[in-house]
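> return atomic coordinates for the entry below.
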Amino acid sequence: MSAEGETQEGWMRYRMLGYINQIVLTQHPPNTIGVRNYRELITLGTGIDLLLQGRLAELGDLMAQRLKALETSFGEQGWQTARHQELIPPQAASLTTEEERRRAARQELAVAKLRQMNMKNKGQGSK
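Numbers count the residues shown, from 1 in each chain. Prediction:
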């Protein structure tokens with residue numbers, strides 16, 4: 001199979017997500033429907049695509065994690081923690097992978113801790 005055929009086959013695996021991105025989100029942009037509805041669309045589209053592909057174990061994981069996230073959101077009355085439980089990406093499209101995002105966040109946290117320690121040490125040195 002040619003590289004072009006492989007690419008086309010790869011895109012065809014995401015029929016429902018393609019429909020959602022090209023039709024639904026064009027008519028109803030994420031900034032008008034809200035984050036929760038947008039994430040719901042992506043979850044449902046991903047789930048339907050997994051079902052069409054016969055990837056039932058992954059579909060089960062997707063649905064179980066969504067249920068856990070919903071349960072967490074009810075307990076916390078918000079999505080701050082719950083959003084990290086879902087298996088869909090945090091953004092629709094990005095050149096940055098989730099691992100790169102995590103690494104950058106860890107680095108930023110380390111810099112903030114170092115800055116805090118330096119400020120604390122400077123405060124103690126002036127006494």
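
> grab the nearest non-local neighbour of Thr72.
Closest residue to Thr72 apart from its sequence neighbours, by Cβ to Cβ, 6 or more residues apart in numbering: Ala82 at 4.0 Å. For glycine as for every other residue, the C-beta is placed from the backbone atoms N, C-alpha and C.

> kindly report the same for Leu50.
Distance criterion Cβ to Cβ, 6+ apart; nearest residue to Leu50, sequence neighbours excluded, is Leu59 at 4.1 Å.

> so what's the residue count around Leu62?
When counting by other Cβ atoms under 10 Å, one arrives at 20 neighbours for Leu62.

> what's the helix or strand for it?
helix 56-76 (DSSP states H and E).

> gap between Gln116 and Lys122?
11 Å (Cβ to Cβ, to the nearest Å).

> make that Leu59, sorry
Taken as Cβ to Cβ, the span from Leu59 to Lys122 is 54 Å.

> these two - which one has more neighbours?
Set side by side, Leu59 and Lys122 show unequal neighbour counts under other Cβ under 10 Å, the larger going to Leu59 at 18 against 9.

> for the more buried one, what are its contacts?
Going by Cβ atoms under 8 Å, 6 or more residues apart in numbering, Leu59 touches Gly47, Leu50, Leu51.

> just the buried residues from the residues you listed, in ChimeraX please.
Buried residues within these, by 16 or more other Cβ atoms under 10 Å, are selected in ChimeraX with:
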select :47,50
